[in-house]
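Novice: Just to be clear, the model below is a prediction. Sequence and coordinates:
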Amino acid sequence: MNKPFNLLTRWSRGRLIALALLAGLLTFGAGACQKSAPEDAHAHDGASTYYTCPMHPQIVRDEPGKCPICSMDLVKATKQGAAKPATAVTPAAALTHYTCPMHPQISRDMPGKCPICSMDLVKAAKAAPATPAPAGGPAAAPEVMLSAQQQQLAGIRVAALGGAGSSAGSAAGTTLLTGTITANANQTRTVSSRVAGRVERLFVRQTGESIQAGAPLVSIYSEQLQALQQEYVLSLAQQRAGGTSGNQYSRLIASARQRLRLLGLSEGQLRALAATGRPTASLTFYSPQAGLVQAVGVTEGQYVGEGTLLVSLTNLSSVWVEAQLYPEEVSGIKMGQSVQVQVAGLPDTYAGRVVFLSPERQANSKVTLLRVQVTNAGGWLQPGMQANVRLPSRSTTAATQSLTLPQDAVLRDSRGSYVWQQVDAAGRFRRHKVSTGPETDERVTITGGLSADAQVVVSGAYLLESEYQLRQGAQDSMNGMSM
């Protein structure tokens, strides 16, 4: 009886010891978990700053140190939400910080190295905090502050709206059309074959060659020409042999002479033929004017028919500029009107006059054709060059004249048009929404939103806008991380 009782007692005692050890382990684990639980940001609501890991924002400490997960240096951050009233700081201290060029979320008050990539932190200007708008009023305009060195590196150039960087009425004073220089068709001549035959000799072989009036172009062998010359020489011989009775051949001579002239023989060639009495087997065509060879349509040895193009000639002493314009712009243009032509790559401005205005639109297009004739005394204007035609617009009254800015000074998005204005000499810039009017390829009319003496950024506005957006993104990233 004692032996079973002892076994039962020993088993119960061992079970009690195991349960006690298990309870101890559970109690120790709960305490350890409570001690090592992730830090809660709410435990630091009383502090305005804390230290966190850039890669593991759930790590929050009151003092600098290393991340227990990746061993990176903890960085200083500021919490959003209710906090103690901020102490007054100077504008320079509030708008200057040090950040990493590769990791803009890193922001320090003093120089140092980036805790992520170890690059030297660079001095930068924060986006100026916008002044809170009154209840129910419009939002404050965005601002950016740049140092003098930053302005120089960004190429920021400022001009008064009514000063050298802008002008009154310039956008409404001219209309700019894009065109192309072409040859003057009134000074282009083509030489075609008047007989059927074979090209015996080419005196010009390449385009662009300069020739004088009366210079030989092409020589063509033709049996038809030879037969007509023999008929003409025979009629002359019969007239001389018949004496007074030979006058009956006068009509035959005149007929043969006229046919030879129609074939292209000159008066000199006819006199030489009558004097020698020896027909030539080839006919030479001569240049009707001085100019440049525009096209050569045949080669030596080629057989040609009547009407075949031999050589095309053009005189570039005057050229045409053909430009396109919309129908609503036609009403302000008159035939013979004086205009200014600016050719790409040439410093001079050429005077021209309107010689043609198409009464119909071009095929499959909403534009019509304008043709301007320009004197090309120096020969610098060549067909195919791009040119701009400046047309004086219809007269504008003083009420419609407005201040204008260069195209690069005006920024546009889906919400409207904006410009950047320099607020003070300390380098503070503010963005303003403006209303615009008529514009050209160079200037935009400003009809509202700015005063006439406003200092506007006319060069570097896009870089300034990008700088503001970059800093806004960096600030939003820091705010999001601190949450």
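Specialist: In hand now; what should we look at?

Novice: what's around the closest residue to Val122 other than its chain neighbours, how many residues?
Specialist: Leaving aside its sequence neighbours, Val122 sits nearest to Pro101 (CB to CB, 6 or more residues apart in numbering; 6.0 Å). All C-beta spots, glycine's among them, are computed from the backbone N, C-alpha and C. Number of residues near Pro101 (other CB atoms under 10 Å) recorded here: 13.

Novice: start at 46 instead
Specialist: Understood, numbering begins at 46; the last thing we discussed is Pro146.

Novice: unless I'm mixing things up, Pro146 is touching Met164, no?
Specialist: Yes: taking CB atoms under 8 Å as the definition, Pro146 is a contact partner of Met164 at 6.6 Å.

Novice: what pLDDT does Pro451 get?
Specialist: On pLDDT, Pro451 comes in at 83.

Novice: And the helices in the stretch 96-245 of the chain?
Specialist: Counting by DSSP state H, counting those that start in this stretch, the stretch 96-245 of the chain has these helices, from start to end: 136-139, 193-199, 215-218.

Novice: pLDDT on the last one, on average?
Specialist: Think helix 215-218. When pLDDT is averaged over helix 215-218, the result is 45.

Novice: how about low-confidence regions in the stretch 196-345 of the chain?
Specialist: Within the stretch 196-345 of the chain, the ranges that satisfy pLDDT under 70 run 207-219, 288-293.

Novice: Identify the residues contacting stretch 275-286?
Specialist: The contact list for stretch 275-286 (CB atoms under 8 Å, 6 or more residues apart in numbering) reads 291-292, 294-295, 297-298, 301-302, 305, 315, 318-319, 322-324.

Novice: Mind doing that once more with 10 Å?
Specialist: For stretch 275-286, the surrounding residues in contact (CB atoms under 10 Å, 6 or more residues apart in numbering) are 290-305, 310, 315, 318-324.

Novice: Of those residues, grab the buried ones for PyMOL.
Specialist: Buried subset of those, written as a PyMOL selection, criterion 16 or more other CB atoms under 10 Å:
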select buried, resi 291+294+297+298+301+302+305+310+315+318+324
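
Novice: Which of the contacts of stretch 275-286 fall in helices?
Specialist: Judged by DSSP state H, helices contain the following of the contacts of stretch 275-286: 295-305, 315, 318-321.

Novice: in stretch 476-495, what counts as buried?
Specialist: Across stretch 476-495, burial judged by 16+ other CB under 10 Å covers 476, 479, 481, 483-485, 488-491, 494-495.

Novice: mind checking pLDDT for the nearest residue to Leu391 once chain neighbours are set aside?
Specialist: With sequence-adjacent residues excluded and distances taken as CB to CB, 6+ apart, Leu391 is closest to Trp425, at 6.1 Å. We have a pLDDT of 86 for Trp425.

Novice: Partner strands of the lengthiest strand in the chain and their direction?
Specialist: Longest strand in the chain, counting residues (DSSP state E): strand 473-484. Strand 473-484 sits in its sheet next to strand 188-190 (antiparallel), strand 461-467 (antiparallel), strand 488-493 (antiparallel), going by DSSP bridges.

Novice: now it: how far from the chain's centre is it?
Specialist: Strand 473-484 has its C-alpha centroid displaced from the chain centroid by 22 Å (CA atoms, centre = their mean, to the nearest Å).

Novice: and if you look at stretch 491-510?
Specialist: Distance, centroid of stretch 491-510 to centroid of chain: 21 Å (CA atoms, centre = their mean).

Novice: May I have that stretch exported as PDB, CA atoms only?
Specialist: In PDB, the C-alpha atoms belonging to stretch 491-510 read as follows (Å, rounded to 0.1, in the frame of the first residue of the first chain):
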ATOM      1  CA  ILE A 491      -0.300  90.200 -69.300                       C
ATOM      2  CA  THR A 492      -3.700  91.600 -68.800                       C
ATOM      3  CA  GLY A 493      -4.000  91.200 -65.000                       C
ATOM      4  CA  GLY A 494      -2.600  89.900 -61.800                       C
ATOM      5  CA  LEU A 495       0.500  92.100 -61.600                       C
ATOM      6  CA  SER A 496       1.300  95.800 -61.100                       C
ATOM      7  CA  ALA A 497       3.100  97.600 -63.900                       C
ATOM      8  CA  ASP A 498       6.300  98.000 -61.700                       C
ATOM      9  CA  ALA A 499       6.500  94.400 -60.500                       C
ATOM     10  CA  GLN A 500       9.900  92.700 -60.600                       C
ATOM     11  CA  VAL A 501       9.300  89.600 -62.600                       C
ATOM     12  CA  VAL A 502      11.600  86.600 -63.300                       C
ATOM     13  CA  VAL A 503      12.100  86.700 -67.100                       C
ATOM     14  CA  SER A 504      14.800  84.000 -67.200                       C
ATOM     15  CA  GLY A 505      15.000  80.900 -65.000                       C
ATOM     16  CA  ALA A 506      11.300  80.700 -64.000                       C
ATOM     17  CA  TYR A 507      11.200  77.000 -64.800                       C
ATOM     18  CA  LEU A 508      14.200  76.300 -62.600                       C
ATOM     19  CA  LEU A 509      12.600  78.300 -59.800                       C
ATOM     20  CA  GLU A 510       9.400  76.400 -60.100                       C
END
